[in-house]
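>>> what shape does this take:
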Amino acid sequence: MISIGSLNQINGLEELQFRAGLQGSKNAIRWPYIAENTEIEPWTQGGELIFVTGLNWNWTVQDFIILIKKAQKQCTSGLVILTQSPYLDTIPNEVLDFANKLNFPLFEQPYSIPMVNVTEILSNAIIMDGLNNKSSRWFLQNLADNPHVSEIDLIKATEIGFDPAQRLSVAFIKSNRIADEELIKGDHIISQFMLNEGIQLPIAELHQGWLAITPTSSEYCSDSMKLWHKLHQQLLACGFDCTIGISDAKELKVIHKAVSQARQSAGLHRENNKNKVIHYNSLGIAQLFTHIDNNEIDSFCRQHLGDIFNKHDTQSLILKTTLNCYFDNLCSMRQTALAMNIHRNTLSNRLKKIESLTGFNLSNAQQRLSLQIALIADRFIS
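Coordinates of the predicted model:
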């Protein structure tokens, strides 16, 4: 990707000067945008390099500060201010200081350089880079969806930065309730995060989510798990509610299986569980459901959960949450009531209601086990 740090290395853009926010040199530039005023929110989705010409607006120090705040909130890549013009002679020091304070990249462009030339040169560079990047993304999607990796695939992999023998940590980022217009922003945030972490491997859109990969030293590596937790926090901070499923591939040839496991992990998290970064190895018995026909699982759940199977109304969710907590606390009435902050009588009434709806006796160990498995399977089916 074209980064802020390489902007004035592009042939024809050498006169652009990096004036502030040097720490943001890794910011990726997705597209140029010319701002006529500070109202940029409807027109920016992340990764834009914002140009301010000074035309049609009497820019003040406060205007620039407001623009920088908004630009950073919108995850844009940086700001270019045209100077030596009838509209703006120099960039005020207060603006440079504020950009440095926020680590937000700021360039100065002489007004004598035709704006149309700058945007054309930059747009062409982005398009050419995008074509190369699109090829890498398509290749990654193909690897993820194809269980058979050929020798030609392995040769192509080395060309885009993959070591076929390297162990990989595979993450599937599953977005929860994301609007179509936010997809570009989400893609940019993940790409930028990987770039900031020094990971050059491509990401790819996949089955209503994103696929990201990083080399790792061992199975369930703590460093890679920290990385994915950090990504989750970044997405959360930007307003993206998501779940990240993780798996490992001991080599590139088995990446299809690892991607499948990562997707299953993202889909099987508990709705009441705050941990939304889940490794496949932590799923336990739920791993088995991926090898069983969904109709068989459906039949098993209906038999054991009765009227609360695959139900999402308030009452059903309360009962299923209560039953989950009861099992998590080793069927201790006292510990379950404390964990849920409810009276023991309330808990007792809920458990009796569950027994009535399912037809199973919670005092019977075998029936408890069947209910617990059915609860896990219910999340899988849902």
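>>> can you show me the helices along the stretch 151-300 of the chain?
Counting by DSSP state H, counting those that start in this stretch, the stretch 151-300 of the chain has these helices, from start to end: 151-159, 183-196, 222-237, 255-267, 294-305.
>>> which one of the ones you listed lies closest to Thr76?
For the helices of the stretch 151-300 of the chain, the distance to Thr76 is smallest for helix 183-196, at 9.3 Å, taking Cβ to Cβ. For every residue, glycine as well, the C-beta is placed using N, CA and C.
>>> could I get the buried residue list for that closest one?
By neighbour count on 16 or more other Cβ atoms under 10 Å, the buried set for helix 183-196 is 185-194.
>>> quick check: closest non-adjacent residue to the most centrally placed residue in the chain.
Nearest to the geometric centre of the chain sits Ile173, at 4.9 Å (Cα atoms, centre = their mean). The shortest distance from Ile173 to any non-neighbouring residue, by Cβ to Cβ, 6 or more residues apart in numbering, is to Trp210 (4.4 Å).
>>> correct me if wrong: the residue nearest to the centre of the chain contacts Gln234.
No - contact status for Ile173 versus Gln234: not in contact, 10.9 Å apart, counting by Cβ atoms under 8 Å.
>>> tell me what the helix ranked longest in the chain is packed against?
Looking across the chain with DSSP state H, the single longest helix is helix 115-145. Where contact means 3 or more Cβ pairs under 8 Å, 6 or more residues apart in numbering; DSSP states H and E, helix 115-145 is packed against strand 31-34, strand 48-52, helix 151-159, strand 204-205, strand 209-215, helix 255-267.
>>> can you redo the ones you listed as CSV with distance to Arg19, mean neighbour count and mean pLDDT?
What follows is those, written out as CSV (distance: least, Cβ to Cβ, whole Å; neighbours: other Cβ atoms under 10 Å; pLDDT from 0 to 100):
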stretch, distance to Arg19, mean neighbour count, mean pLDDT
strand 31-34, 18, 18, 95
strand 48-52, 13, 23, 97
helix 151-159, 37, 13, 89
strand 204-205, 35, 18, 91
strand 209-215, 33, 23, 94
helix 255-267, 42, 23, 90
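>>> including distance to Val118, could these go into TSV?
Shown next, in TSV, are those (distance: least, Cβ to Cβ, whole Å):
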stretch	distance to Val118
strand 31-34	8
strand 48-52	8
helix 151-159	32
strand 204-205	30
strand 209-215	31
helix 255-267	41
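>>> what's the closest of the ones you listed to Leu338?
Across these, Leu338 has its closest neighbour in helix 255-267 (29.5 Å, Cβ to Cβ).
>>> could you list the low-pLDDT ranges of the protein?
Under the criterion pLDDT under 70, the flagged ranges of the chain are 177-181, 269-275, 290, 380-382.
>>> swap the cut-off to 50 and go again
Where the chain drops to pLDDT under 50, the residues are 271-272.
>>> circling back: tell me the two of the buried residues of helix 183-196 that are most distant?
Across those, no pair lies farther apart than Lys185 and Met194, at 15.3 Å, counting by Cβ to Cβ.
>>> would you mind measuring from the residue located most distally from the centre of the chain to Asn58?
Within the chain, the residue lying farthest from the chain centre (Cα atoms, centre = their mean) is Pro86, at 44.0 Å. As defined by Cβ to Cβ, to the nearest Å, Pro86 lies at a distance of 12 Å from Asn58.
>>> swap in Ile199?
Counting by Cβ to Cβ, the gap from Ile199 to Asn58 is 44 Å.
>>> number of residues surrounding Ser282?
Neighbour count of Ser282, defined by other Cβ atoms under 10 Å: 15.
>>> report the beta-bridge partners for the residue lying closest to Thr119 once chain neighbours are set aside.
Take Thr119 and drop its neighbours on the chain: the residue closest to it by Cβ to Cβ, 6+ apart is Pro32, 4.9 Å away. Beta-bridge pairing of Pro32, defined through DSSP bridges, involves Leu49.
>>> give the contact list for Pro32.
Residues in contact with Pro32, defined by Cβ atoms under 8 Å, 6 or more residues apart in numbering, are 48-49, 51, 118-119, 122-123.
>>> out of those, who's nearest Val254?
Glu48 (38.5 Å).
>>> does the closest one really touch Ser77, like I thought?
Yes - the criterion here is Cβ under 8 Å, and Glu48 meets it with Ser77 at 6.6 Å.
>>> picking that back up, and Ile199 and Asn58? Which one has more around it.
The neighbour count for Ile199 versus Asn58, taken as other Cβ under 10 Å, is higher for Ile199 (16 against 8).
>>> quick one: contacts for the more buried one?
Thr214.
>>> now do the SS call for the spatially closest residue to Ile121 that is not a sequence neighbour.
Of all residues not flanking Ile121 in the chain, Gly12 sits nearest, at 4.4 Å (Cβ to Cβ, 6+ apart). At Gly12 the chain is in coil, as set by DSSP: H, G, I helix; E, B strand; the rest coil.
>>> can you list the domains in this structure?
Split into domains by automatic domain parsing, the chain comes to 4-123, 146-283, 292-381.
>>> would you mind giving those as TSV with distance to Ser136 added?
As requested, these are arranged in TSV below (distance: least, Cβ to Cβ, whole Å):
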stretch	distance to Ser136
domain 4-123	14
domain 146-283	4
domain 292-381	33
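>>> and the residue farthest from the centre of the chain, that's in a helix?
No - the assignment for Pro86 by three-state DSSP gives coil, which leaves it out of any helix.
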